[in-house]
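Colleague: Just need the structure, nothing else, for what follows:
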Amino acid sequence: MAMDLTFNKNEDHNKLLVSDLRKRLAQVKLGGGQKRIDKHHAKGKMTARERINYLLDEGKNAIEIGAFAGEGMYEEHGGCPGGGVVVKIGYIQGKQCMVVANDATVKAGAWFPITGKKNLRAQEIAIENKLPIIYLVDSAGVYLPMQDEIFPDKEHFGRIFRNNAVMSSMGITQIAAVMGSCVAGGAYLPIMSDEALIVNKTGSIFLAGSYLVKAAIGESIDNETLGGATTHCEISGVTDYKAEDDKDALDTIKNIVSKIGAPASAGFNRVAAKKPKEKIEDVYGILPKLRSEQYDMRAIINCLVDDSEFEEYKKGYGQTILTGYARIQGWAVGIVANQRKVVKTKKGEMQFGGVIYSDSADKATRFIANCNQKKIPLVFLQDVTGFMVGSKSEHGGIIKDGAKMVNAVSNSVVPKFTIVIGNSYGAGNYAMCGKAYDPRLIAAWPSAELAVMSGNSAAKVLLQIETASLKKEGKKLSEAEEKKLFDKIKARYDEQISPYYAAARLWTDAVIEPADTRKWIAMGIEAADQAPIERQFNMGVLQV
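Modeller: Residues are numbered from 1 along each chain as shown. As a prediction, the model looks like this:
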């Protein structure tokens with residue numbers, strides 16, 4: 001690819017964003033910090049990440065869900081790095097599995113509100129894809145100072161156990177290893193799993209610990225006698241296997257998983273994988289430094305798909321959305337991507353890049369229907385500012401055409417995967433399969449921005465509201481005061497559109513390097529291929 005000064009500037013900017021991502025991930029991996037890791041090791045225990053790394057097949061791909069969960073949240077409570085739990089999809093004895101491990105270096109593995117949300121996301125992915133799920137339990141239970149935000153509601157702590165029961169009825173394998181504390185309501189999780197292990201001397205399960213037992217009924221008893229490995233393996237029968245240490249427990253899990261039968265197949269098409277002809281590193285130079293600048297999304301697609309082959313559907317129509325067929329790591333995919341170039345229609349009209357027009361919404365709707373008919377997974381590449389506004393668009397039925405596209409995305413039965421490359425604003429986020437539209441996986445590049453509108457636009461709107469309010473009070477801001485207020489509003493809004501702000505709240509599953517995009521999509525389709533499609537595509541009254 002020819003390189004110029006603009007390419008080089010873009011490349012420098014985007015590589016700095018990736019460098020920042022790597023630094024942030026390195027910090028996340030420390031969990032509660034090195035001192036707490038050392039204390040954990042002193043007890044003869046492996047950390048959550050060490051347990052997962054030992055369990056997963058060496059040298060095989062793995063992806064982490066929600067690494068940035070909780071970032072910047074709960075600072076008044078000392079923070080909750082990674083949401084206090086590590087979640088990965090990887091391979092155990094060659095079988096793709098979901099692994100969920102409490103991080104006891106973070107508040108003894110206590111559950112914050114984001115911990116519950118992250119655990120539920122892991123279970124949702126396992127349910128959608130019928131993936132075996134492994135729980136590595138080491139938790140002090142609900143974080144009591146925030147119990148009202150984690151305990152009673154539909155999607156709080158109790159939903160975990162409901163999902164245990166649902167997955168069991170679906171035949172989804174669940175294995176739990178109690179490798180530390182497992183108390184109160186949390187004690188139900190391993191026992192509602194298909195098989196439960198407990199590590200001798202370090203694992204314990206009870207509804208109430210020794211101090212609470214003493215306070216409640218006056219009985220004096222130590223925790224090991226109350227709910228240790230010997231008690232539950234030889235007296236209560238609550239657990240199925242007694243392990244001598246962490247590695248022994250993990251080896252037992254490997255042996256159990258190795259005997260699980262082969263899953264059914266959804267039948268998605270796959271051939272031998274080919275590398276793209278274009279280098280993935282070129283993405284850094286193609287993607288503009290400023291989110292308002294133009295570029296050709298086809299150039300990005302050529303860096304992501306096998307052999308850089310992209311068979312466009314309706315190439316000359318509805319040009320602000322690109323649709324077409326390709327392969328990623330051998331898997332057949334249908335791509336729906338926002339085109340960021342200003343384009344000229346056959347009628348001589350100009351259309352702005354990144355904006356969804358009636359014709360592009362119509363094209364995307366038809367293409368999504370085609371992919372559902374052919375049983376081809378969908379990949380959405382987001383860089384969208386929203387739907388076109390104004391009298392011409394309104395009179396042309398943009399709401400109707402937009403509604404059709406949203407309907408097609410909502411009712412799609414093939415698995416959907418979303419990568420937020422750049423802007424993800426307003427209703428464009430919805431139409432391009434944002435989190436609310438059930439993508440099997442949704443990840444963002446470090447260049448992503450997610451919000452109702454850009455920081456600049458939002459700040460202008462909010463400034464107008466603020467100055468109008470002051471005017472009613474008989475006050476008027478000087479030009480310098482207006483600029484100061486604008487900058488203050490924009491800075492606050494810009495923080496909220498960061499991909500890390502979104503990832504902290506699990507609006508996306510991860511912030512990833514562009515080079516990892518093919519791996520995420522391929523592993524996602526492989527997971528989805530284990531869950532045969534059980535219903536027909538139907539758009540209801542909004543037919544194409």
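Colleague: Quick one, grab the pLDDT at the residue lying farthest from the centre of the chain.
Modeller: In the chain, the residue that sits farthest from the middle, by CA atoms, centre = their mean, is residue 474; the gap is 48.2 Å. Confidence at residue 474, expressed as pLDDT, is 82.
Colleague: Next one: it from residue 368, what distance?
Modeller: Using CB to CB, to the nearest Å, residue 474 is found at 54 Å from residue 368. (Each C-beta comes from the backbone N, C-alpha and C, glycine too.)
Colleague: picking that back up, how much space between the residue farthest from the centre of the chain and residue 482?
Modeller: Going from residue 474 to residue 482 by CB to CB gives 17 Å.
Colleague: Secondary structure class of residue 239, three-state.
Modeller: Put simply, residue 239 is coil when judged by DSSP: H, G, I helix; E, B strand; the rest coil.
Colleague: how many neighbours does it have?
Modeller: Using other CB atoms under 10 Å, residue 239 has 25 other residues around it.
Colleague: I'd say it and residue 205 touch.
Modeller: Yes. Using CB atoms under 8 Å, residue 239 is in contact with residue 205, at 7.2 Å.
Colleague: any shared contact partners between these two?
Modeller: By CB atoms under 8 Å, 6 or more residues apart in numbering, residue 239 and residue 205 have these common neighbours: 178, 190-191, 198, 232.
Colleague: For these, which single residue is the most surrounded?
Modeller: residue 178 leads the shared contacts of residue 239 and residue 205 on contacts (other CB under 10 Å) with 32 neighbours.
Colleague: who does whatever helix or strand that residue lives in touch, helix- and strand-wise?
Modeller: According to DSSP states H and E, residue 178 maps onto strand 174-183. Where contact means 3 or more CB pairs under 8 Å, 6 or more residues apart in numbering; DSSP states H and E, strand 174-183 is packed against strand 133-139, helix 158-170, helix 188-191, strand 195-199, strand 204-206, helix 246-257.
Colleague: Show me what counts as buried in the last one.
Modeller: Spelled out, that is helix 246-257. Residues of helix 246-257 classed as buried: 246, 249-250, 252-253, 256-257 (neighbour count, 16 or more other CB atoms under 10 Å).
Colleague: Tell me the one among the residues you listed nearest to residue 227.
Modeller: Closest to residue 227 out of the buried residues of helix 246-257 is residue 249 (16.5 Å), distances taken as CB to CB.
Colleague: show me what contacts the closest one?
Modeller: Listed by CB under 8 Å, 6+ apart, the contact set of residue 249 reads 177, 179, 197-199, 241, 243.
Colleague: next one: residue 363
Modeller: Residue 363 makes contacts with 313-314, 317-318, 321, 323, as judged by CB under 8 Å, 6+ apart.
Colleague: Give me the buried entries from the residues you listed.
Modeller: Buried among the contacts of residue 363 (16+ other CB under 10 Å): 313-314, 318, 321, 323.
Colleague: With distance to residue 437, secondary structure and pLDDT as new columns, can those be given to me in JSON lines?
Modeller: Listed next are those as JSON lines, based on distance: CB to CB, whole Å; DSSP: H, G, I helix; E, B strand; the rest coil; pLDDT from 0 to 100:
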{"residue": "313", "distance to residue 437": "21", "secondary structure": "coil", "pLDDT": "98"}
{"residue": "314", "distance to residue 437": "22", "secondary structure": "coil", "pLDDT": "96"}
{"residue": "318", "distance to residue 437": "20", "secondary structure": "coil", "pLDDT": "93"}
{"residue": "321", "distance to residue 437": "16", "secondary structure": "strand", "pLDDT": "97"}
{"residue": "323", "distance to residue 437": "17", "secondary structure": "strand", "pLDDT": "98"}
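Colleague: which one of those residues sits closest to residue 8?
Modeller: Distance to residue 8, by CB to CB, is smallest for residue 321 among these, at 29.5 Å.
Colleague: Go ahead and confirm that closest one touches residue 358.
Modeller: No. Using CB under 8 Å as the test, residue 321 is too far from residue 358 to be in contact (11.1 Å).
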